[in-house]
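# Pasted the sequence and its predicted model underneath.
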Amino acid sequence: MFPHMPGQSGYGKRLRAQAGLIAAVITELARDVDSWHDMLRLVDSTPLPCGASRQTVKRSDLAGYAGYGYCASHSRFFWGFRLYLICTAEAMPVIWALANPKLGEREVTAALLEHDHHQIRTGQVIIADKGFAGKQFETFISDRLGAHLIRPDRKNEPPRFGKVCRYRQWTEAIFDTLKGQLTLEDHGGRTLRGVYTRIAARLLAMAAAIWHNWKTGAPTKRSLTAYDH
């Protein structure tokens, strides 16, 4: 990738040119650990801010791609994208994408799963938040993918799956790792390819750590403590 040690601008240019390769390596790392064969997958999304001021939004090269969205967990609006992540229970990325936050979560996730349906096996269980509730989406999961969608019950529907409490703990811990140790929200991307590449690099860092933890027998596969000093 780098025949010689590039400067900062040269590094960024070469990195952006290899965005597809980075994404491919993430998938290969995921395939090389035991959890790839697990029957459980998690799906969720998180805000990815790309600008904090009105002036930045007006001047940004991301205009037309990014948009305004609302983060319910922090009760705030943001401008940027949402990161959609389908992963194993210990956070190994399987499928991911960036999307305009104005798009519906079910619609984006269905498009991802349709595009990468070969990454989902018949009989797998996909655990999601109650925001993914919808008859059409659930039918797509069962009929198109042959998988099973489990989500927390809504207040206005008969009991089916219960609260699925551990799901929220899992996904919050995964995004906390990405936002904390891997500085997800401080990506600094200013172009569409730049944002994509920088997010891919952070997901690759997490995937590489999880892969290494599997190979070395570390007790906590998602732990990055040994790598952040």
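Okay, I see it.

# Buried ones in the lengthiest helix in the chain, by neighbour count?
In the chain, assigned by DSSP state H, the helix with the most residues is helix 192-216. For helix 192-216, a neighbour-count test (16 or more other Cβ atoms under 10 Å) marks 192, 194-207, 209-211, 213-214 as buried. Using the backbone N, CA and C atoms, a C-beta is placed for each residue, glycine as well.

# try stretch 124-135
If you call a residue buried by 16+ other Cβ under 10 Å, then stretch 124-135 has these buried ones: 124, 126-129, 132-134.

# can you put these in CSV and add distance to residue 105, secondary structure and pLDDT?
Formatted as CSV, those follow (distance: Cβ to Cβ, whole Å; DSSP: H, G, I helix; E, B strand; the rest coil; pLDDT from 0 to 100):
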residue, distance to residue 105, secondary structure, pLDDT
124, 19, coil, 97
126, 13, strand, 95
127, 14, strand, 93
128, 9, coil, 91
129, 8, coil, 88
132, 6, helix, 90
133, 10, coil, 87
134, 9, coil, 89
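
# any idea which of the residues you listed is closest to residue 53?
residue 129 (30.3 Å; Cβ to Cβ).

# who's in contact with that closest one?
44, 151-152, 167-168, 171 (Cβ atoms under 8 Å, 6 or more residues apart in numbering).

# ok, back up a step: packing partners of the longest helix of the chain?
With contacts taken as 3 or more Cβ pairs under 8 Å, 6 or more residues apart in numbering; DSSP states H and E, helix 192-216 sits against helix 8-17, helix 19-31, strand 40-51, strand 76-87, strand 93-99, helix 165-179.
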